[in-house]
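Chemist: Sharing a model that was predicted from the sequence below.
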Amino acid sequence: MAKKRILFINQEIVPYVPKSEMAVLGRDLPQKMQSGGLDVRTFMPKWGNINERRGQLHEVIRLSGLNIVIDDTDHPLIIKVASVPVSRLQVYFIDNEDYFIKRRTMTEDENGDEYTDNGERAIFFARGVLETVKKLRWNPDIIHCQGWMAGVIPLYVKTAYHDDPTFSNSKVVTSLFPSQFKSNFGTKFKEYVDYGSAKASLLDKYSEHFDFIELGKLAIDYSDGIIEAAEKVNDNLLSYAKESKLPILEYPGENYAPAYKEFYHKLLG
């Protein structure tokens, strides 16, 4: 029997960014699933504070070069790759000069103010991941999204990429975490999301000021399963997920790997 394929789309992974609950899970979960016999691919943004020399990142020329259009502007996609030390886990990084290379930090500037284009960056990241997976000719059974930077992925998988053979049979899982960004993505976020059959009109039900809660609701609405990934996730989003009647994995504690694996298999039937 062929190995089940899990695509992990992470916002943070140690050791490339400072340690946090999400960053540790971003490294350990794919590693545990890979050790448990699953076929894994892992993606994250190439944040500006990542030291490429220390992390031994290098560009994958055959995967780079695509232009992603957002708001009628071309944004060149750069793909880099590295291996997590003392493991066989390979990580693909989504990069772009304007969205990532020129930034010294992740989502806030040096003064602690959130970047006003974080919404556009999340859209670029989402489409960059999906286009790269297509180029890899690797069809995931499960697409597991962790962190708000992956929040647009479920919408795109179920609409713009739904008829693509790469993703037509994929199940989408979204992990819930505590609240993360404080501001909102602005009033043009819905316009920027528009791509193929992922029409801006699909977002009419959400507030014009797209904040963490609205993005979380969007991710839940287009997911097949939800995971409570921390002890204290956002209560509003957890309630919203329960009202949706989607399969939910409650916080399984520190020994989470068996529960996650069982949840994946349950979604795949």
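Modeler: Yep, it's here. Everything numeric here is computed off the predicted structure, so don't read it as measured data.

Chemist: Next, count neighbours for residue 119.
Modeler: Residues within reach of residue 119, counting by other C-beta atoms under 10 Å, total 25. Glycine gets a C-beta too; all of them are placed from N, C-alpha and C.

Chemist: and the nearest residue to it once chain neighbours are set aside, what does it touch?
Modeler: Beyond its immediate neighbours in the sequence, the residue positioned closest to residue 119 (C-beta to C-beta, 6 or more residues apart in numbering) is residue 185, lying 3.0 Å away. Counting by C-beta atoms under 8 Å, 6 or more residues apart in numbering, residue 185 makes contact with 118-119, 122, 209-211, 215.

Chemist: If you rank those residues by neighbours, which is first?
Modeler: In those, the most neighbours by other C-beta under 10 Å go to residue 122, 27 neighbours.

Chemist: what helices or strands is the host helix or strand of it leaning on?
Modeler: Remark: residue 122 resides in helix 118-136, with elements defined by DSSP states H and E. The criterion is 3 or more C-beta pairs under 8 Å, 6 or more residues apart in numbering; DSSP states H and E, and the helices and strands that helix 118-136 contacts are strand 39-45, strand 67-70, strand 90-95, helix 153-158, helix 189-193.

Chemist: now the angle from the longest one to helix 118-136?
Modeler: I take that to be strand 39-45. 150 degrees (axes from the mean of the first three to the mean of the last three C-alpha atoms, to 10 degrees).

Chemist: CA atoms only for whichever helix or strand comes after strand 39-45 - export them in CSV, please.
Modeler: Where DSSP H and E defines the elements, the next helix or strand beyond strand 39-45 is helix 52-55. Listed next in CSV are the C-alpha coordinates belonging to helix 52-55 (Å, rounded to 0.1, in the frame of the first residue of the first chain):
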residue,chain,number,x,y,z
GLU,A,52,20.4,31.5,4.9
ARG,A,53,24.1,30.6,5.4
ARG,A,54,23.6,29.2,8.9
GLY,A,55,20.5,27.4,7.8
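
Chemist: which residues are in contact with the helix or strand that helix 52-55 is followed by?
Modeler: Beyond helix 52-55 in the direction of the C-terminus, DSSP H and E gives the next helix or strand as strand 58-59. For strand 58-59, the external contacting residues (C-beta under 8 Å, 6+ apart) are 78-82.

Chemist: Next, count neighbours for the residue nearest to residue 83 when sequence neighbours are not counted.
Modeler: Distances taken as C-beta to C-beta, 6+ apart place residue 90 nearest to residue 83, at 5.2 Å, with adjacent residues excluded. For residue 90, the count of nearby residues is 14 (other C-beta under 10 Å).

Chemist: now residue 120
Modeler: If you count neighbours by other C-beta under 10 Å, residue 120 ends up with 22.

Chemist: Could you do residue 192 as well?
Modeler: Here the neighbour count serves as a burial measure; for residue 192 (other C-beta under 10 Å) it reads 20.

Chemist: pLDDT value on it, please?
Modeler: Residue 192 is assigned a pLDDT of 96 by the prediction.

Chemist: Kindly provide the distance from residue 123 to residue 242.
Modeler: If you measure residue 123 against residue 242 using C-beta to C-beta, to the nearest Å, the figure is 28 Å.
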